[in-house]
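S.K.: one predicted model, sequence on top.
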Amino acid sequence: MTHPKILLLGAHGQLGHTLAVALKKLGEVQALTRVEADLSDPNALREALLQRTANFLPTIVVNAAAYTSVDKAETEPALAQAVNADSPAVLAELAQAWGAMLVHYSTDYVFDGAGVKPWEETDATHPLSVYGASKRAGEVAIARACAKHLILRTSWVVGVHGNNFLKTMLRLAAERDSLRVVADQIGAPTSAELLSEVTVALIQAMKSAEASDSRWGTYHVAAAGETSWHGYAQYVIAGAAARGAVLKATPSTVQPIATAEYPLPAPRPANSRLDTRKIRRTWGVTLPAWQVGVDAILDQLFEKKSP
């Protein structure tokens with residue numbers, strides 16, 4: 001594969017925005033937004049991609065598009081299924097027909113969050129929500145239809161672009177003297193930048209691999225370490241203040257609460273820890289502490305200048 005042709009879906013999303021830049025290191029990228037490739041209609045998606053690839057046959061397909069409104073999915077199960085499962089199945093069929101590699105992203109929500117042990121790739125899945133079930137269905141469909149696939153499960157994705165927990169905390173901290181944040185859900189904030197870097201490294205490693213290569217499959221990719229949403233909020237507020245943000249709330253006025261005190265339509269896993277030993281063993285990928293990614297985002301948001 002001398003000069004890969006890469007088809008990226010979900011190019012305007014939080015992760016897609018970063019991937020659109022990172023993937024250019026590897027080859028020619030066609031970055032598609034929801035306008036050009038709408039995953040809510042699998043049949044229309046198939047037609048759109050067949051037309052588009054008549055003159056651009058991809059060797060790599062990267063799907064960063066997803067339905068991620070966890071609570072809304074409870075009342076829109078058909079839409080979540082279409083975007084997260086049925087359309088990825090179409091992508092897998094097309095990638096298989098093209099002889100292309102398919103990279104797809106999934107979530108810790110495929111697990112039920114029981115216990116405290118980090119989840120391994122081989123652990124049984126048991127999603128608690130419509131969103132989690134739709135993402136698991138997408139994983140199964142891809143593994144069934146496309147031999148050359150990499151499914152990267154991650155957690156608590158955060159980036160400079162798009163909406164996320166970090167930005168919500170900054171907004172609320174500017175408006176309110178105190179915040180109440182869930183403290184009994186544990187995971188690792190993982191930056192879109194890190195996910196993009198790992199994606200590029202894995203594509204480079206696998207771009208010439210045969211369909212029979214045992215390294216194809218599912219991998220957990222999350223930053224190292226762990227925190228609660230409460231600890232994460234405190235870290236973000238402290239970091240923003242240190243970079244000159246004018247906030248009403250301080251780390252000490254972020255109050256810890258239990259999940260039960262903040263009921264939401266969709267249940268969340270209490271344990272979102274992901275075991276990343278497999279990706280380290282397979283490719284020697286080192287994943288930095290979650291604080292590294294969060295600091296880099298805060299630096300960009302506040303354009304920190306070196307002294």
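M.R.: Perfect, I can see it now.
S.K.: can you give me the strands in this structure?
M.R.: 5-9, 28-32, 60-63, 101-107, 149-154, 157-158, 179-182, 186-187, 190-191, 217-220, 227-228, 254-257 (DSSP state E).
S.K.: can you lay out those strands as CSV showing mean neighbour count, distance to A92 and mean pLDDT?
M.R.: Backbone N, C-alpha and C define where each C-beta goes, glycine included. Shown next, in CSV, are the strands of the chain (neighbours: other CB atoms under 10 Å; distance: least, CB to CB, whole Å; pLDDT from 0 to 100):
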stretch, mean neighbour count, distance to A92, mean pLDDT
strand 5-9, 25, 12, 97
strand 28-32, 19, 17, 96
strand 60-63, 26, 9, 98
strand 101-107, 26, 6, 98
strand 149-154, 24, 7, 98
strand 157-158, 23, 22, 97
strand 179-182, 19, 35, 98
strand 186-187, 22, 28, 98
strand 190-191, 26, 24, 98
strand 217-220, 19, 13, 98
strand 227-228, 19, 34, 98
strand 254-257, 18, 41, 98
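S.K.: of those, give the one that comes closest to E120.
M.R.: strand 217-220 (7.5 Å; CB to CB).
S.K.: contacts for the closest one?
M.R.: With contacts defined as CB atoms under 8 Å, 6 or more residues apart in numbering, strand 217-220 is touched by 106, 119-121, 139, 143, 149-154, 202, 274-276, 278-279, 282.
S.K.: how about that strand as CSV, C-alpha atoms only?
M.R.: Taking C-alpha atoms only, strand 217-220 is exported to CSV below (Å, rounded to 0.1, in the frame of the first residue of the first chain):
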residue,chain,number,x,y,z
GLY,A,217,-9.9,-7.1,16.3
THR,A,218,-10.9,-5.1,19.3
TYR,A,219,-8.6,-3.0,21.5
HIS,A,220,-9.1,-0.8,24.5
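S.K.: can you give the distance of it from its chain's centre?
M.R.: Relative to the chain's own centre, strand 217-220 is displaced by 13 Å; criterion: CA atoms, centre = their mean, to the nearest Å.
S.K.: apart from its chain neighbours, what residue comes closest to A11?
M.R.: A31 (3.7 Å; CB to CB, 6 or more residues apart in numbering).
S.K.: list the contacts for that neighbour?
M.R.: Contacts of A31 were listed using CB under 8 Å, 6+ apart, and they are L8, A11, G16, A20.
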